[in-house]
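Give me the fold of what follows.
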Amino acid sequence: RQLVVESVLLALLGGVLGLMIARAGTAFLSNFIAQSSTPMTLSPDHRALFFSFIVSLLTGLVFGFVPAWRSSRLDLVAAMKNQGSATVGASRSRLQPTLVIAQVALTDLHLAGAGLFVRTLRNLRSVEFGFRRDQLVCLSVDPGRAPRDQAQQELLLRRVMAELEAMPGVRSVSLGGAGLLTGNGISMDVAVEGYAPAPDEEMRTRAVLAGPRFFETLRVPLLRGREFTPADEPAPPPAGQSARAKVAIIGEGMARRFFGDTDPVGKSFTVESAVRLEIVGVAKDTRYAPDLRARIPLQFYVPFFGSGIRMPPTFYLRTDQATGVLASGIRQILGRVGPELKIRSLRSMDEVIDQLLLRERNIAQLVSVFGAFALLLACLGLYGILSFRVAQRTREIGVRVALGATLWGVIALVLRQGLKLVAVGGAIGIAVALMATRSVAALLYGVTPADPLTFAAVLGALMSAAALACWLPARRAAKVDPMEALRQE
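Here you go, the predicted structure:
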C-alpha cells in the first residue's frame, strides 16, 4: 500500500505538470487552427482536467502495483541479512533495460517519421514554380454583373492596372486569366503543324491568358523569342462579335514534345480546329495547379486583351510593400475606378504557397514535437536507470577505483552499458520504422519511406542525446570516493 500510494502521488504530480505543459501548448496549436476554417476552442476545461486525473490515476495504479507487489514478496530472513536485493534485483535488472529499449525503439519510430515529413515539406517548398515567388502579390477580382461588352471590360481593367502601377512601392503590374497555383484555366485540343500524333495520344493543353508585362512581372524566363506587345492584341471587334488571338507563347514542355530540338518560333498550331496561332516565344513551364506533386501540363499563352476568352482576372503586383499595406490603397482604387469589381482574394505568393502546404507543415511540425518529447522521455528513462545502476554498484566502482581504475575507465564502463541499450533499441526501432513508414508513402514527396539519409540522421540524433543522458551518471560514478564507497552497506 505504501509503494502504490507513492506511485500514484508521483503520477498525479506528473499529470499536473502535463496540464501545465498542455496549457502552454495551446498557443502552439492555435497557430494551426488559425490557418484553417474549422472553429475550435483550445482552452483546457473540466473535461480535460478529469481526463488527465483519470489517466494519471490509472498510470500510478497500473505501473505502481507490479513493482510494489514484487517488493512485498521478499524473503524476510534474507532481507534482514541484506541478501533479498539479489532476488528482486534479478527481475528488476531484466525489466528496466527492456523498458528503456522499448522507449528508444518508439523514439526511433517518431524521429524517423518526423525526418521524412520534414524532408517532404522542404522538397515541396523547393519545387520549380517557373516564376519568382518573392515580392509577388496576387489580387483576384470578381468582375461583377454589370453589363459591359468586351471593349468596355478591357478598358476598365487597363485603368485598374494603371492605377495599381502608380501605387508607391509597386514596380510592375500585369494580369492573367488563370490564377497561379489555383487550378483555374482552360484546356484545349491543339493540332501542331508538321506533327503527326499517335492514334491514342492526348493533345489537350492548358491555355493561359497573359496580360501586358506578364512574364516581366512574374519573372517567368523567356527561353526563346519575345513577350507579347500591344501589336499582338487584336483590335476590339464590332458589338456582338468576339476577337481572336493570332499569336501565342508556348511552354518549354510543349516545345520539347511537338518540336524536339528545332526552334518553334515562327511556326504555328491550331486550337480547337479553328484558331491558328503563330508562336512568337517559348517560356519556362509555370505551375498553375495547386497540387505541387503533379507534373506541369503542356501549356501555351495568348494575350489577355483581345483573346475572346472571358475569365475572372487576377492582377499580379511586383512590389516591395507588404500585402496589408497595399490592401487599403487597392480597395480605394477599385472603389473609384470600378465599384462593381469585388476583391475575391488578396494574398502574397508566399501566403498562397504556405496555404497549399498547410497540411504538410502541420504534419511535419506535430510529428517533430512528438518526436522531441519521445526523445526527451527516452533520455530521462536512460538517465534514471543508469543513475540507479550507479547507486547499486557504488561499492563495486569504489573497489575498481581502489585497484587502479582510471577516471575515463569508469566513465566508459557506464557509457558502454547505456549505449548498448540504445543500440539494441535503435536497431529494433529502425526495423519497425522501415515497415511503418510504408503506410505514409503517399504523403511523402522527393523522399522514399526507407530513405537512408533520414534514418542515419535519426540514429545520429538518438545516439548523441543518449550519450549526453549517459554522461551525467557516468561522470557521477567517476567521482566516487573509494573509502566512502567501501564503507557503504
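
can I assume Leu209 is in contact with Ile309?
Yes - applying CB atoms under 8 Å as the test, Leu209 and Ile309 come out as touching, 6.2 Å apart. C-beta coordinates here come from the backbone N, C-alpha and C atoms, glycine included.

who touches both of the two?
177, 302 (CB atoms under 8 Å, 6 or more residues apart in numbering).

So which of these two has more stuff around it?
Each of Leu209 and Ile309 has its neighbours counted (other CB atoms under 10 Å); Leu209 has more, 23 against 16.

where's that one, which helix or strand?
Using DSSP states H and E, Leu209 sits in strand 204-210.

contact partners of that strand?
So strand 204-210 is contacted by 174, 176-178, 185-190, 228, 249, 254, 271, 286, 288, 297-304, 307, 309, 311 (CB under 8 Å, 6+ apart).

Which ones among these map onto helices?
Per DSSP state H, helices hold the following members of the contacts of strand 204-210: Met254.

In contact with the nearest residue to Leu57 once chain neighbours are set aside, which residues?
Spatial nearest neighbour of Leu57, excluding adjacent residues (CB to CB, 6 or more residues apart in numbering): Val8 at 6.5 Å. By CB under 8 Å, 6+ apart, the residues touching Val8 are 57, 60-61, 64.

any chance of these in CSV, with distance to Pro234 too?
Shown next, in CSV, are those (distance: CB to CB, whole Å):
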residue, distance to Pro234
Leu57, 78
Gly60, 80
Leu61, 82
Gly64, 84
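
mind listing which of the residues you listed are in helices?
57, 60-61, 64.

most neighbours, which of those residues?
When neighbours are taken as other CB under 10 Å, the top entry among the ones in helices among the contacts of Val8 is Gly60 (22 neighbours).

Surely that residue touches Phe53?
No - using CB under 8 Å, Gly60 is not in contact with Phe53, being 10.8 Å away.

joint contacts of those two?
Leu12.

Tell me, how many residues neighbour Phe129?
Counted with other CB under 10 Å, the neighbours of Phe129 add up to 19.

Tell me the secondary structure of Arg347, please.
For Arg347, the assignment made with DSSP: H, G, I helix; E, B strand; the rest coil gives strand.

The closest residue to it other than its chain neighbours and Val160: what is the separation?
Closest residue to Arg347 apart from its sequence neighbours, by CB to CB, 6+ apart: Cys138 at 5.8 Å. Cys138 sits 14 Å away from Val160, going by CB to CB, to the nearest Å.

burial of the closest residue to Gly306 other than its chain neighbours, as a residue count?
For Gly306, ignoring the flanking residues on the chain, the nearest one in space by CB to CB, 6+ apart is Pro234 at 3.7 Å. Pro234: 16 surrounding residues under other CB under 10 Å.

and if you look at Arg295?
Using other CB under 10 Å, Arg295 is surrounded by 10 other residues.

Same check on Leu10?
15.

residues touching it, list them.
Taking CB under 8 Å, 6+ apart, we find Leu10 in contact with 60, 64.

Work out for me the element it sits within.
helix 2-33.

buried sites along that helix?
Going by neighbour count (16 or more other CB atoms under 10 Å), the buried part of helix 2-33 is 7-8, 11-12, 15, 19, 32.

Return the helix or strand in the protein with minimum mean pLDDT.
In the chain, no helix or strand scores lower on mean pLDDT, DSSP states H and E than helix 76-80, which sits at a mean of 60.

helices and strands around the next helix or strand after it, which ones?
Toward the C-terminal end, the helix or strand that comes next after helix 76-80 (DSSP H and E) is helix 84-125. If contacts are counted by 3 or more CB pairs under 8 Å, 6 or more residues apart in numbering; DSSP states H and E, helix 84-125 sits against helix 46-71, helix 358-392, helix 407-436, helix 452-478.

pLDDT at the closest residue to Leu434 other than its chain neighbours, what is it?
Among residues not flanking Leu434 along the chain, Ala450 sits closest, at 5.5 Å (CB to CB, 6+ apart). pLDDT, Ala450: 91.

Ser387: how many residues sit nearby?
Number of residues near Ser387 (other CB under 10 Å) recorded here: 17.

do the one 3 residues further on as well
Using other CB under 10 Å, Val390 is surrounded by 23 other residues.

Kindly report the same for the one 3 residues further on.
For Arg393, the tally of surrounding residues (other CB under 10 Å) stands at 18.

wait, what's in contact with it?
Ala477.

Give me the phi and psi for it.
Dihedral angles of Arg393 (phi, psi; degrees, to the nearest 10) stand at phi -100, psi 20.

these two touch, right, Arg344 and Pro312?
Yes - the pair Arg344 and Pro312 qualifies as a contact (CB under 8 Å) at a distance of 7.2 Å.

Quick one: low-confidence residue ranges for the stretch 251-400 of the chain.
Low-confidence segments of the stretch 251-400 of the chain (pLDDT under 70): 308.

could you measure the residue nearest to Leu57 against Ile385, distance?
Counting by CB to CB - Val8 and Ile385 are separated by 22 Å.

Mind checking which residue lies nearest the centre of this structure?
Arg361 (2.8 Å; CA atoms, centre = their mean).

burial count for the spatially closest residue to it that is not a sequence neighbour?
Spatial nearest neighbour of Arg361, chain neighbours left out: Leu121 (5.8 Å); criterion: CB to CB, 6+ apart. Leu121 is flanked by 20 other residues according to other CB under 10 Å.

which ones are touching Leu121?
Leu121 touches 357, 360-361, 364, counting by CB under 8 Å, 6+ apart.
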